[in-house]
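# Here is a sequence together with a model predicted from it:
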Amino acid sequence: GDIFVAVGAAHLPGDRGVLNLLESKGFRITPLPFSP
C-alpha cells in the first residue's frame, strides 16, 4: 500500500539526506503540493 512519511526539512537535502538515501534504496519520492 501507500506510505506517507513526514521528516524535518533539515534532514532532507544533501548526499546523505533522507531523500537521497531512500532513492538509493529503490524508493520513489513524490513531492506533495503545499498550501498554507
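Sure thing, it's come through.
# List the residues that contact V18.
Shown in contact with V18 (CB atoms under 8 Å, 6 or more residues apart in numbering): 7, 11-12. Where C-beta positions appear, they are placed from N, C-alpha and C, glycine not excepted.
# I'd like the distance between it and S35.
23 Å (CB to CB, to the nearest Å).
# Then G17?
Distance from G17 to S35, counting by CB to CB: 24 Å.
# before we move on, which element is L32 in?
Of the helices and strands defined by DSSP states H and E, none includes L32.
# Helices along the protein, start to end?
For the chain, the helices defined by DSSP state H cover 18-24.
# Quick one: residues contacting the residue most central in space within the chain.
Taking CA atoms, centre = their mean, the centroid of the chain lies closest to L19, which sits 4.1 Å from it. Residues in contact with L19 (CB under 8 Å, 6+ apart) are 12-13, 29.
# Output those residues as JSON lines; include the columns pLDDT and neighbour count.
Output for the contacts of L19, formatted as JSON lines (pLDDT from 0 to 100; neighbours: other CB atoms under 10 Å):
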{"residue": "L12", "pLDDT": "84", "neighbour count": "13"}
{"residue": "P13", "pLDDT": "86", "neighbour count": "11"}
{"residue": "I29", "pLDDT": "87", "neighbour count": "11"}
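# and which of these is nearest G1?
I29 (17.0 Å; CB to CB).
# gap between the closest one and D15?
I29 is 15 Å from D15, by CB to CB.
# Check what pLDDT S24 gets.
With respect to pLDDT, S24 has a value of 96.
# Let me fix that, I meant to ask about A6.
Looking at A6, the pLDDT reads 83.
# Sweet, I'm off.
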